[in-house]
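> Predicted model, plus sequence, below.
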Amino acid sequence: MSSISHNLQAVRDRIATAEKAAGRAADEVGLLAVSKTFDAAAVLEVAEAGQRRFGENYLQEALDKMAEVSRLRPGLLLEWHFIGPIQSNKTRLIAEHFDWVHSVDRFKIAQRLSDQRPESLPPLNICLQVNISGEASKSGVPPREAIALAMQVAALPRLRLRGLMTIPEPAATEERQRGPLRALRLLAADMRERGIALDTLSMGMSNDLEAAVAEGATLVRIGTAIFGKRNYAH
């Protein structure tokens, strides 16, 4: 077994252990392999081990990688999630090439994605990015504005609002990690009570996976623990 395949299995084991500790059903938490900065060969190595969902932050890198994966393995069906910040001039390509977008935090971006989603494709799955810790350096809609934005996005015709995503402020202990993740879970519950149908909580990364599963994550975004340390030099 290669190191990447070994890492993938170790992450799956961590998720299973965390599910059991939290009293959740087995396989209740999905895994998004965050492949940003890693090449098509690394994606294919993980795909060979059964992983089908991949997350990307950088649009051009992602498009090049998708094309290379298709060239190397024609017919391989992968699910591509865009999880990075979105500029208005990038929405068309995102709408045309991705299955999910986790980083919508403005109605203008959502409207452009809806308008530019091809009719030949299913509705684009959307998570709203919430700045749950209120960090000035982080993208995301403030929690107090999230319900209004969710109602607007849910009404757009070519999108399907699925849930919420967050990247909380780093914390040293699992107890401290759980606070902002719990806040996101409660915000989602509030939305459901208001009639907004949500089924996804995209939260938890390599360092806080266990806390996220304990607080109700349905999809964890794991990169470093699968692929190794990233090289941003390029």
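Great, that's in hand. Numbers count the residues shown, from 1 in each chain.
> where do the strands sit along the chain?
With DSSP state E applied, the chain shows strands at 30-34, 53-56, 79-82, 100-104, 124-129, 159-165, 200-202, 219-222, listed in chain order.
> between those, which one is nearest to Ala18?
Closest to Ala18 of the strands of the chain, according to Cβ to Cβ: strand 219-222, at 8.9 Å. (Glycine included, C-beta is placed from N, CA and C.)
> if we can go back for a sec, I'd like the strands of the chain written out as CSV, with mean pLDDT added.
Conversion of these to CSV gives the following (pLDDT from 0 to 100):
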stretch, mean pLDDT
strand 30-34, 98
strand 53-56, 98
strand 79-82, 98
strand 100-104, 98
strand 124-129, 98
strand 159-165, 98
strand 200-202, 98
strand 219-222, 98
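> Would you convert these into JSON lines that also reports mean neighbour count?
Below are these laid out as JSON lines (neighbours: other Cβ atoms under 10 Å):
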{"stretch": "strand 30-34", "mean neighbour count": "22"}
{"stretch": "strand 53-56", "mean neighbour count": "22"}
{"stretch": "strand 79-82", "mean neighbour count": "22"}
{"stretch": "strand 100-104", "mean neighbour count": "25"}
{"stretch": "strand 124-129", "mean neighbour count": "25"}
{"stretch": "strand 159-165", "mean neighbour count": "23"}
{"stretch": "strand 200-202", "mean neighbour count": "24"}
{"stretch": "strand 219-222", "mean neighbour count": "24"}
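> will you turn the ones you listed into CSV that also has distance to Gly228?
As requested, the strands of the chain are exported to CSV (distance: least, Cβ to Cβ, whole Å):
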stretch, distance to Gly228
strand 30-34, 12
strand 53-56, 16
strand 79-82, 20
strand 100-104, 22
strand 124-129, 26
strand 159-165, 24
strand 200-202, 22
strand 219-222, 12
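> roughly how far apart are Ser139 and Met165?
Noted for Ser139: a distance of 10 Å to Met165, by Cβ to Cβ, to the nearest Å.
> Which residues are in contact with each of the two?
Common neighbours of Ser139 and Met165 (criterion: Cβ atoms under 8 Å, 6 or more residues apart in numbering): Ser103, Gln129.
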